[in-house]
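Trainee: let's see this in three dimensions:
(chains A and B)
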2 protein chains.
Amino acid sequence: MHTLFASLPRRVRVVEVGPRDGLQNEKGQVPTAQKIRFIEQLAEAGLPVVEATSFVSPRAIPQLSDASEVMSSLTRLPGTEYPVLVPNMKGMERALAAGVRSIAVFTAASESFTRHNINATIAESLANFRPVVEAAQREQIPVRGYISTVFGCPYEGEVKPEQTLEVALRLLDMGISELSLGDTIGVATPDQVVTVIDLLVTKGRIPLEKLAVHFHDTRGTALANVLTALQLGISTVDSAAGGLGGCPYAPGAAGNLATEDLLYMLHGLGIETGVNLEKVVAATRSIAPFLGHPPTSKYYQAATAL
Amino acid sequence: MHTLFASLPRRVRVVEVGPRDGLQNEKGQVPTAQKIRFIEQLAEAGLPVVEATSFVSPRAIPQLSDASEVMSSLTRLPGTEYPVLVPNMKGMERALAAGVRSIAVFTAASESFTRHNINATIAESLANFRPVVEAAQREQIPVRGYISTVFGCPYEGEVKPEQTLEVALRLLDMGISELSLGDTIGVATPDQVVTVIDLLVTKGRIPLEKLAVHFHDTRGTALANVLTALQLGISTVDSAAGGLGGCPYAPGAAGNLATEDLLYMLHGLGIETGVNLEKVVAATRSIAPFLGHPPTSKYYQAATAL
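Mentor: Predicted coordinates for the structure are as follows:
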């Protein structure tokens, strides 16, 4: 065998973000019972992590205003992690009351993005969720940190890799256990993936195990970017069943990398995931009627074609 | 800079197959004048090779029954190649009469596929176009050879890489100048790309410069497969503007790798193509109304969103 893929990980941990990052950006109204069933189906498919919802202000994101009900009513599988996004202490209190045992916080590598998106500087966003992280630590709850706009920003365009490094180091200093590097608007190409990960690992001395990649497929490059990240030794990849989510900055375009497309490539590469691809297709099929448009996953489209 | 992409080619030759492989598989009726304009726009965008049509039987593929008119009426740019597909001597005579100066022939790595698709064994298909290749050589016309179903067959499933090697060597023996390795049903994953190309180059001693890759994006893996081929030193890649073509074996699914998505990744990687991406989008936009469905290119969808 050729040595090109000699250093690929043997196993990849797929972090399913469809119920949160996906549904948050879908216009269609999905009934709470259907969301719960969707999360349960994804866990039953074998996904080790299913990000279930977000305890944000219901006014800010009405699609996820049922977060407490979703988390309280969910039948959980032992061994599966069901993190939720938490923006502040109010959200944290609601999350804990609903039995949440894993959380994520969200910031960006671009100042203009945090200003537009959460009306704060990056430093303010970090200060905002510092008490959240401290509360999580008291409860021995792991915290994932999303860094968005790593590869480009809808407001300022290019984002310097050094900005990502600075935010990454601050999050790790705070005690955050995993960083997800987000291509929020789906502009990344594989060379950028090399530049950013190489900088974080060599200059930042961040262990590869603490890094995850989160690509949007808006311009079709998500899987090529994942392949590049795998070649660099990354072994945690985010994706959303069906490619749910769209792109808020290009309505009508594709959103999150589809879990089905990711699994098809990983399994072809002989990489273990523990996930049953056809069960993910079934989960997407059950939620598809509520979206108001066909899921953008190419594997899903081929699997459900005539 | 990390060494992962140290061996990428500095320049890639993009072979545009939309007017032939794309339109051949589209149900919509495109008026001849519109096809001619489409080909001209693609050439004006800087694509060095635009496969223009096919001189097959009009009964077999009515969509391309205007091949002679297209080739006779086309305004050609100096330096641009406009190959056409030629299945037999009758087609060759029509092609020569229409002023064609570059051709392609078509076979497969899978016996069941040639039997179903052209009602011949692989050996018979080679025998059929041997006189075509000889006529081309007399006219000093270059011949490209398509090997389809290299990575999987709709009838027999898995295809052994050795079958591709055998067909490849026979085509080269015949004097064919370039081989395009086709993933006809869009099932390939990057590991297969490594296996096949490594076999052709190391065991078959086929020079990399004689190989092109032709992926369909039916399951979303086309760009990851291209990236892998580039890492192996391949520098000729086929694609179709807009992702035209669909998949005859999965109606409703995606077809050819989209030229826009390919160019976006290549340019991001700093690889020269000589092609203006926005002019390709404009060409796709001009033909889109005749297709009866939105083009599947993700870049195109993002560029034309709102």
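Trainee: mind listing what's buried in stretch A:260-278?
Mentor: Using 16 or more other C-beta atoms under 10 Å in any protein chain shown as the test for burial, stretch A:260-278 gives A:260-266, A:268-269, A:271, A:273, A:275, A:277. To be clear about C-beta, it is placed using only N, CA and C from the backbone, and glycine gets the same treatment.
Trainee: give me the distance from that stretch to the chain's centre.
Mentor: In terms of C-alpha atoms, centre = their mean, to the nearest Å, the centre of stretch A:260-278 is set 17 Å apart from its chain centre.
Trainee: what do you get for stretch A:22-29?
Mentor: Chain-centre distance of stretch A:22-29: 15 Å, with C-alpha atoms, centre = their mean.
Trainee: remind me, longest helix of chain A?
Mentor: What stands out as the longest helix in chain A, according to DSSP state H, is helix A:122-138.
Trainee: packing partners for it?
Mentor: helix A:89-97, strand A:103-108, helix A:111-118, strand A:143-148, helix A:161-173 (3 or more C-beta pairs under 8 Å, 6 or more residues apart in numbering or on different chains; DSSP states H and E).
Trainee: looking at those, spot the one closest to chain B.
Mentor: Set against chain B and scored by C-beta to the nearest C-beta, the helices and strands packed on helix A:122-138 come closest in helix A:161-173, at 12.0 Å.
Trainee: and the average pLDDT for the closest one is what?
Mentor: Taken as a whole, helix A:161-173 has a mean pLDDT of 98.
Trainee: angle of it against strand A:143-148?
Mentor: For helix A:161-173 against strand A:143-148, the angle by axes from the mean of the first three to the mean of the last three C-alpha atoms, to 10 degrees is 170 degrees.
Trainee: tell me which residues in helix A:161-173 are buried?
Mentor: By neighbour count on 16+ other C-beta under 10 Å, the buried set for helix A:161-173 is A:161, A:163, A:164, A:165, A:167, A:168, A:169, A:171, A:172.
Trainee: show me the contacts for the fourth one.
Mentor: The reference is to residue A:165. Counting by C-beta atoms under 8 Å, 6 or more residues apart in numbering or on different chains, residue A:165 makes contact with A:199, A:200, A:203, A:204.
Trainee: neighbour-wise, give me the winner out of the residues you listed.
Mentor: Tallying neighbours with other C-beta atoms under 10 Å in any protein chain shown puts residue A:200 at the head of the contacts of residue A:165, with 25 neighbours.
Trainee: assumed that residue was part of a strand.
Mentor: No - counting by DSSP: H, G, I helix; E, B strand; the rest coil, residue A:200 falls outside a strand, being helix.
Trainee: what about residue A:15, which helix or strand?
Mentor: Assessed by DSSP states H and E, residue A:15 sits inside strand A:13-16.
Trainee: what about the helices in the stretch 151-300 of chain A?
Mentor: For the stretch 151-300 of chain A, the helices defined by DSSP state H, counting those that start in this stretch occupy A:161-173, A:190-198, A:222-231, A:259-268, A:277-287, A:298-303.
Trainee: in a markdown table: the ones you listed, plus distance to residue B:149.
Mentor: Converted to a markdown table, these look like this (distance: least, C-beta to C-beta, whole Å):
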| stretch | distance to residue B:149 |
| --- | --- |
| helix A:161-173 | 42 |
| helix A:190-198 | 28 |
| helix A:222-231 | 22 |
| helix A:259-268 | 17 |
| helix A:277-287 | 23 |
| helix A:298-303 | 16 |
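Trainee: sorry, back to before: including distance to residue B:85, could the helices and strands packed on helix A:122-138 go into CSV?
Mentor: As requested, the helices and strands packed on helix A:122-138 are exported to CSV (distance: least, C-beta to C-beta, whole Å):
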stretch, distance to residue B:85
helix A:89-97, 60
strand A:103-108, 49
helix A:111-118, 48
strand A:143-148, 46
helix A:161-173, 45
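Trainee: which ones are touching residue A:83?
Mentor: By C-beta under 8 Å, 6+ apart, residue A:83 lies in contact with A:49, A:51, A:52, A:100, A:102, A:103, A:104, A:142, A:144.
Trainee: farthest pair within the residues you listed?
Mentor: Across the contacts of residue A:83, the longest distance by C-beta to C-beta is 14.6 Å; it joins A:52 and A:142.
Trainee: quick one, which of these two is more surrounded?
Mentor: Higher neighbour count among residue A:52 and residue A:142: residue A:52, with 31 against 16, using other C-beta under 10 Å.
Trainee: surely the more buried one is in contact with residue A:71?
Mentor: Yes - in terms of C-beta atoms under 8 Å, residue A:52 counts as a neighbour of residue A:71; the distance is 6.4 Å.
Trainee: what do those two both touch?
Mentor: A:82, A:84.
Trainee: any idea how far the longest helix of chain A is from the chain center?
Mentor: That offset, for helix A:122-138, works out to 19 Å (C-alpha atoms, centre = their mean).
Trainee: how about it: buried residues?
Mentor: A:122, A:125, A:126, A:128, A:129, A:132, A:133, A:135, A:136.
Trainee: would you reformat the residues you listed as a markdown table and include distance to residue B:90?
Mentor: A markdown table is the format used below for the buried residues of helix A:122-138 (distance: C-beta to C-beta, whole Å):
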| residue | distance to residue B:90 |
| --- | --- |
| A:122 | 68 |
| A:125 | 69 |
| A:126 | 72 |
| A:128 | 74 |
| A:129 | 72 |
| A:132 | 74 |
| A:133 | 74 |
| A:135 | 78 |
| A:136 | 74 |
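Trainee: quick one on the thing from earlier: of the contacts of residue A:165, which pair is most distant in space?
Mentor: Using C-beta to C-beta, these span at most 7.4 Å, a distance reached by A:200 and A:203.
Trainee: what's the closest non-adjacent residue to whichever residue of the stretch 101-250 of chain A sits closest to chain B?
Mentor: With C-beta to the nearest C-beta, the shortest gap between the stretch 101-250 of chain A and chain B falls at residue A:189, namely 2.6 Å. Sequence neighbours aside, residue B:268 is the residue nearest to residue A:189 in space, at 2.6 Å (criterion: C-beta to C-beta, 6 or more residues apart in numbering or on different chains).
Trainee: quick one: the one you found and residue B:62, what's the gap?
Mentor: Computed as C-beta to C-beta, to the nearest Å, the residue B:268 to residue B:62 distance reads 39 Å.
Trainee: quick check: residue A:273 vs residue B:165, distance?
Mentor: Residue A:273 is 31 Å from residue B:165, by C-beta to C-beta.
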